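Enquirer: Take a look and give me a structure for this.
(2 chains)
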2 protein chains.
Amino acid sequence: MMAERLVIIGGVAAGAKAAAKARRMRPDLDIVVYQDETEVSYSACGQPYVLSGVIENRDKIVIRRPQEFASDNIRALTRHRVEAIDVATRQIRVNDLSVNGAQTTAYDKLILATGARPIIPAVDGIELEGVLTLRSISDLDRFKSTIDILKPGKAAIIGAGYIGLELAETFHELNVKTTIIEKFDRILPKFDEEMAQQVSAHLVENNVELITGQGLAGITGENGRVVSVTTESGLERDVDLVVVAIGVRPNTDLAKDGGIAIGETGAIAVDRKMQTRVPGVYAAGDCCETVDRVTGKTTWLPLGDIANLQGRIAGENAAGGDASFPGVLGTAIFKTFDLNVACTGLSETAARQAGYEAVSVNVNRSDRARYYPGGNSLAIKLVADKQGGRLLGAQVIGPGKADKMIDIAATALLGRLTCEDLENADLAYAPPFSPVLSPMITAAGALNSKVGNR
Amino acid sequence: MMAERLVIIGGVAAGAKAAAKARRMRPDLDIVVYQDETEVSYSACGQPYVLSGVIENRDKIVIRRPQEFASDNIRALTRHRVEAIDVATRQIRVNDLSVNGAQTTAYDKLILATGARPIIPAVDGIELEGVLTLRSISDLDRFKSTIDILKPGKAAIIGAGYIGLELAETFHELNVKTTIIEKFDRILPKFDEEMAQQVSAHLVENNVELITGQGLAGITGENGRVVSVTTESGLERDVDLVVVAIGVRPNTDLAKDGGIAIGETGAIAVDRKMQTRVPGVYAAGDCCETVDRVTGKTTWLPLGDIANLQGRIAGENAAGGDASFPGVLGTAIFKTFDLNVACTGLSETAARQAGYEAVSVNVNRSDRARYYPGGNSLAIKLVADKQGGRLLGAQVIGPGKADKMIDIAATALLGRLTCEDLENADLAYAPPFSPVLSPMITAAGALNSKVGNR
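Expert: This next block holds a predicted model:
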């Protein structure tokens, strides 16, 4: 009798995690991972730090190689592109790119971990040398060699998302003068305006030019290379390099063509078991949608840690388990220059849009007792439901321990805590670690005084 | 008409916080704080770092001075010792130590924030010069001047509690060879043995001599000064300095003499409003008991952050508010040499003693992605109830971000989360801050596999 076969399409984050979890669950399973790139299992989030040299070379961000998968008896096949899925016969067509030969193979269970790809605007000059994206490890390799060849002095980053703002710091390290062009009228739409403003100001202090409220209109080249960009309102900037970082969209073509349902967000629809509408076919990571645990609404949140969480659930269930993924809080963090910038749950704006009578508080605190050296400041905003005081979201920005504060807030959201609960939290205090009351306690206390009838 | 008067006995942590909160609630209140030392409102927890020079001078740890209280219209009277409370007539007798003159004064509301004091063993030589405690700021001043005068080369620390272990590092900084003498057979009884062992080993690596399983038997002096200590089993060590750090006991004499009930733990009994059994009389901080939120049992946890939390509640209620203190989780953290040592909730041992069918997991993880420089290791132990998987406690030890991990765990305990909840937590990830899955998620996942019928 043939072993039951689990096929996983895509092996970067969700796919690699799913394979590992399925193997731990079921030593007998035949597990095959198909990956169209030259590498599996790498950290896309580490890429800006490879470019800046903080991480010394690109091989460092490759987490597991095919031979490491092989040692777990998992076949991880690189340069193999899955071209079609037939859910009726449980078969896929795979093209081995090294020989350009397509074959058909059967599966018993299937996990789609096809990820997402950068959105590329349809503007003149987008095909010029010096126009880059940063998503896959192939992108990284191209990015690195382009920088080495062009030795850019000036760059435009199109889009002020996390990648764009991380790259602004990277370019600063590389002595590249940077202009960020953002179509929306301000950066960081998941943050409230007064919080996002602190990041904008910090970018400007670090000599980043920030152009908002206008998108990229076109790119001009000479001899096939980028020489300038033009915005929608006609501003022109001479640049040697253009990075397109206006967002990503889920890779759903395979699913769509195979008749696997796409959800309202445009990503693959899954239930809490990470199963698609086709029994036995799962999806995980950036290609699929999920649930916002605060609002209860369907959402799409393509982030590496979520991909890992979902991959684990999909792998467990595809191997016969019964795990559930409860959804996301929208927690995110990034660093740009000296600021750590983090959020979880709903901003005040988002809370009002979701129908809450939201109250909020902004406090500025050090992350250590003021008498103990080495403390750093944090601007904290907390948002709560005025009715009952349940915490709805947090935003933390500053040179201090934003990661610690936002993880406290995210865990508080998970427990559906009120500001009063958090105000009385028993958190860890000693002078090397914290002020006597955590900044989160102080903020929660201030917010609690605005809640309901106290 | 006279303003209503709130009298607060003790102004270090709970008392100072209570005064500030009461003032914010009620601008009209006549607030008087009596403090028998020369300073109010200082950080006792900062003292080891003043001695080591990390904090440059002792004035830095004085948070608020009487004149700062005065600017809030609070009278903070130093060197005033309250000698008696008459709850029937709502009067106290106060001795102004600067003139040694006792007076009687009335109160409408009273808050006891009398703190705790070091336990002093009744052994020969305890009165010798060079025998020190570290608790009040007067202790600190005496400690500092003793070190300056004696220039000790060798010291014995009696007791391996947090203060003892912090001071071991301080003495190392000061080139004082240190022997710790601990009566119990191991250090850190709130930690499970295999976790505490890591701290013991680290102390020994740093040339601290650790003698366990025997208490101090006697201190020998010459010319009134310490020259050696002897343990219960007859070990003798030549030392220039002895620090007594075997624990503290609550200052309850005033309450007892005034007929205010003492609880089963030996500290002042209070309800969730921080009110004693006498209406209108509150207590907060190290002098009173509280509730363990995990077990629901009465406990006594004399820590600075808890004193601040309780002081705020007592101040609010004494000013006519209606706040509740929900109790503690037993969260604590300290640093000794290169280790950050933290716990919250129950150890495995304590969980079993409390009647839980406890399961646990030990994992070792870096606090950052392994490819990103600057990560530090952490040993994490999580404890859960096998029935249902509710998290019961966490212990984290290592050079890494133990404070962040333990605050996640403490917030999880607050929300009564299960390991499965925590395994799927949406925590903040970017390479400068965390591995793709937080070590707490990894640990919770490993523990979840041991829970109930999965």
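
Enquirer: C-alpha only now, for contacts and for neighbours.
Expert: Fine.

Enquirer: Compute the number of surrounding residues for the closest residue to chain B within the stretch 51-200 of chain A.
Expert: Residue nearest to chain B within the stretch 51-200 of chain A (CA to the nearest CA): residue A:60, separated by 5.5 Å. By other CA atoms under 10 Å in any protein chain shown, 15 other residues sit near residue A:60.

Enquirer: which residues touch the closest residue to it other than its chain neighbours?
Expert: Distances taken as CA to CA, 6 or more residues apart in numbering or on different chains place residue B:371 nearest to residue A:60, at 5.5 Å, with adjacent residues excluded. When contacts are counted by CA atoms under 8 Å, 6 or more residues apart in numbering or on different chains, residue B:371 touches A:55, A:60-61.

Enquirer: Okay, strands next: where are they in the stretch 201-350 of chain A?
Expert: A:209-212, A:216-222, A:225-231, A:236-238, A:241-244, A:248-250, A:281-283, A:290-291, A:298-299, A:332-336, A:339-345 (DSSP state E, counting those that start in this stretch).

Enquirer: Minimum distance to residue A:170: which of those strands has it?
Expert: In terms of CA to CA, the element of the strands of the stretch 201-350 of chain A nearest to residue A:170 is strand A:332-336, at 8.7 Å.

Enquirer: SS state for the residue of the stretch 51-200 of chain A closest to chain B?
Expert: With DSSP: H, G, I helix; E, B strand; the rest coil as the basis, residue A:60 sits in helix.

Enquirer: Tell me, what's the model's pLDDT at it?
Expert: Residue A:60 is assigned 95 on the pLDDT scale.

Enquirer: where does the stretch 251-400 of chain A come near chain B, residue by residue?
Expert: Proximity of the stretch 251-400 of chain A to chain B (CA under 8 Å from any CA of the partner chain) is limited to residues A:304-306, A:308-309, A:325-326, A:328-335, A:342, A:371-373.

Enquirer: Whichever of the residues you listed end up buried, select them in PyMOL.
Expert: Buried residues within those, by 16 or more other CA atoms under 10 Å in any protein chain shown, are selected in PyMOL with:
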select buried, chain A and resi 304+305+306+308+309+325+326+328+329+330+331+332+333+334+335+342+371+372
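
Enquirer: List the contacts of the residue positioned nearest the centre of chain A.
Expert: For chain A, the residue sitting closest to the mean C-alpha position, by CA atoms, centre = their mean, is residue A:303 at 2.7 Å. When contacts are counted by CA under 8 Å, 6+ apart, residue A:303 touches A:285-286.

Enquirer: cool, residue A:152 as well?
Expert: A:176, A:239-241.

Enquirer: these two touch, right, residue A:21 and residue A:316?
Expert: Yes: if you go by CA atoms under 8 Å, residue A:21 and residue A:316 touch, sitting 5.9 Å apart.

Enquirer: Mind checking which of these two has more residues around it?
Expert: More crowded of residue A:21 and residue A:316, by other CA under 10 Å: residue A:316, with 26 against 20.

Enquirer: Quick check: the more buried one touching residue A:310?
Expert: No: with contact defined as CA under 8 Å, residue A:316 does not count as touching residue A:310 (9.8 Å).

Enquirer: Which strands border the helix or strand hosting residue A:6, and is each parallel or antiparallel?
Expert: Assigned by DSSP states H and E, residue A:6 falls within strand A:5-9. Note on strand A:5-9: by DSSP bridges, its sheet partners are strand A:30-34 (parallel), strand A:109-112 (parallel).

Enquirer: for residue A:299, what are its contacts?
Expert: A:265, A:289-292.

Enquirer: In the sheet, which residues pair with it? Tell me.
Expert: Beta-bridge partners, per DSSP bridges, of residue A:299: residue A:290.

Enquirer: Looking at it now. What's its pLDDT?
Expert: On the pLDDT scale, residue A:299 is placed at 97.

Enquirer: same deal with residue A:92?
Expert: 98.

Enquirer: How many residues are close by the nearest residue to it once chain neighbours are set aside?
Expert: Leaving aside its chain neighbours, residue A:92 sits nearest to residue A:85 (4.4 Å; criterion: CA to CA, 6+ apart). Neighbourhood size, residue A:85 [other CA under 10 Å]: 23.

Enquirer: I'd like the mean pLDDT over the helix or strand hosting residue A:85, please.
Expert: According to DSSP H and E, residue A:85 maps onto strand A:80-86. Across strand A:80-86, pLDDT averages out at 98.

Enquirer: And the contacts of the helix or strand following it?
Expert: Moving toward the C-terminus from strand A:80-86, the next helix or strand (DSSP H and E) is strand A:91-96. For strand A:91-96, the surrounding residues in contact (CA under 8 Å, 6+ apart) are A:79-86, A:101-107.

Enquirer: report the angle between the axes of strand A:91-96 and strand A:80-86?
Expert: For strand A:91-96 against strand A:80-86, the angle by axes from the mean of the first three to the mean of the last three CA atoms, to 10 degrees is 160 degrees.

Enquirer: Please write out the alpha-carbon positions of strand A:91-96 in PDB.
Expert: C-alpha atoms of strand A:91-96 as PDB (Å, rounded to 0.1, in the frame of the first residue of the first chain):
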ATOM      1  CA  GLN A  91      -3.800  15.600  -9.000                       C
ATOM      2  CA  ILE A  92      -1.500  18.500  -9.700                       C
ATOM      3  CA  ARG A  93       0.600  19.300 -12.800                       C
ATOM      4  CA  VAL A  94       4.200  20.300 -11.800                       C
ATOM      5  CA  ASN A  95       6.800  21.800 -14.100                       C
ATOM      6  CA  ASP A  96      10.400  21.000 -13.200                       C
END
